[in-house]
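Asker: no sequence on this one, just coordinates:
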């Protein structure tokens, strides 16, 4: 009985979170009202306040897990450092694939956090600083071109992933796998054929 | 006398355009009123309507030249096609430098057209299609990696220039020359040292 109650509660909470993600992604946080969320979830205002103290509180819970996972994925460049040169390309592709898959699985949260949040610029800069630390380590390890400014390269890499996600992944025009292939060629070796 | 009058008229028109660019860049098009523009230009409402039929008309004139020049710069990749491999890198750097210098000289218009315009996504896609055509030509000429999707690479290149401009150029943190150096290494040869 206690277990059943718990599952029902968890189900309602989860329905509210999913509905809120969809409403926020479509209308933006500010234009979404608690009444829109409960309506979309098929629940009552009272049940909303059983699980969340406010719209802001729900937003925090909704985005916290996403952002924590995002930091983790952004930091995956450190997996490259200890590898031999032959394995680096494969690992970079794997890292990019994990990132695109994460965005593909959570399109609403991706829209909310990456493209709508007021703190978007702050998030972007924090991501860039994580990636820059990894790039510097990999520069020391001999995997990354020595003449590259790691700060600028980190910003550039994030800009590429960001644009590929909004332009091709969230529109459904390409899959995570296709984008990982495109992104890894572009980011790893650039556009120009090297001089022979 | 006629010449003097013309110069005075041209001067007023130019002052209105400069003031409008600065107001639009700071407050956005919608929140800028004609009265803000004439105040900033130190002119009267009557003089505004001597040169422009409306705020929209002024906006059109202000951005038309900028956008035309932008298409031209975006198309500069075609200069690469006929070159020998040794000259390609130098030309790509020159193209990027011209683009960053253009944005540096027109910071207000860059903000308005690239980062505020409602038609920003449309502009972005048009730029990408111009760059993609050049990339395909240069792929045929043997300058660009054959495995690269030119559509995706074009979007990625624009995303990089776009982010470098807003993050480093418009904030005054780097010059056009510094960014051209960073951008050309990154875009031409990517981040990874090739296998030896």
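Answerer: Structure received. Being a predicted model, the structure only gives us computed values, none of them experimental.

Asker: every contact and neighbour count from this point should use C-alpha atoms.
Answerer: OK.

Asker: what's the helix or strand of chain A with the lowest mean pLDDT packed up against?
Answerer: Sorting the helices and strands of chain A by mean pLDDT, DSSP states H and E puts helix A:2-27 at the bottom, at a mean of 85. Under the contact definition 3 or more C-alpha pairs under 8 Å, 6 or more residues apart in numbering or on different chains; DSSP states H and E, helix A:2-27 sits against helix A:34-41, helix A:45-51, helix A:55-74, helix A:107-110.

Asker: what's the closest of those helices to residue A:151?
Answerer: helix A:55-74 (14.2 Å; C-alpha to C-alpha).

Asker: for that closest one, which positions count as buried?
Answerer: For helix A:55-74, burial by neighbour count (16 or more other C-alpha atoms under 10 Å in any protein chain shown) applies to A:55, A:58-59, A:62-63, A:66-67, A:70, A:73-74.

Asker: ok, residue A:103 - contacts?
Answerer: A:110, A:165 (C-alpha atoms under 8 Å, 6 or more residues apart in numbering or on different chains).

Asker: for chain B, see how far away it is.
Answerer: According to C-alpha to the nearest C-alpha, to the nearest Å, residue A:103 and chain B sit 18 Å apart.

Asker: over to residue A:112?
Answerer: 18 Å.

Asker: before we move on, what about residue A:169?
Answerer: If you go by C-alpha to the nearest C-alpha, the gap between residue A:169 and chain B works out to 12 Å.

Asker: check residue A:109 too.
Answerer: The value you get for residue A:109 to chain B, if C-alpha to the nearest C-alpha is used, is 21 Å.

Asker: that residue reaches residue A:65, doesn't it?
Answerer: No: judged on C-alpha atoms under 8 Å, residue A:109 makes no contact with residue A:65 at a distance of 10.1 Å.

Asker: just the pLDDT for residue A:116.
Answerer: At residue A:116, the model reports a pLDDT of 87.

Asker: quick one: the closest residue to it other than its chain neighbours from residue B:137, how far?
Answerer: Using C-alpha to C-alpha, 6 or more residues apart in numbering or on different chains and skipping the chain neighbours, the partner closest in space to residue A:116 is residue A:28 (7.0 Å). For residue A:28, the distance to residue B:137 (C-alpha to C-alpha, to the nearest Å) stands at 41 Å.

Asker: quick one: which of these two has more around it?
Answerer: Ranked by neighbour count (other C-alpha atoms under 10 Å in any protein chain shown), residue A:28 and residue B:137 place residue B:137 first, with 18 against 15.

Asker: wait, a helix at that one?
Answerer: Yes: according to DSSP: H, G, I helix; E, B strand; the rest coil, residue B:137 belongs to a helix.

Asker: domain assignment for chain A?
Answerer: A:2-52, A:61-189 (automatic domain parsing).

Asker: which of the ones you listed is buried the deepest?
Answerer: domain A:61-189 (a mean of 18; mean count of other C-alpha atoms under 10 Å in any protein chain shown).
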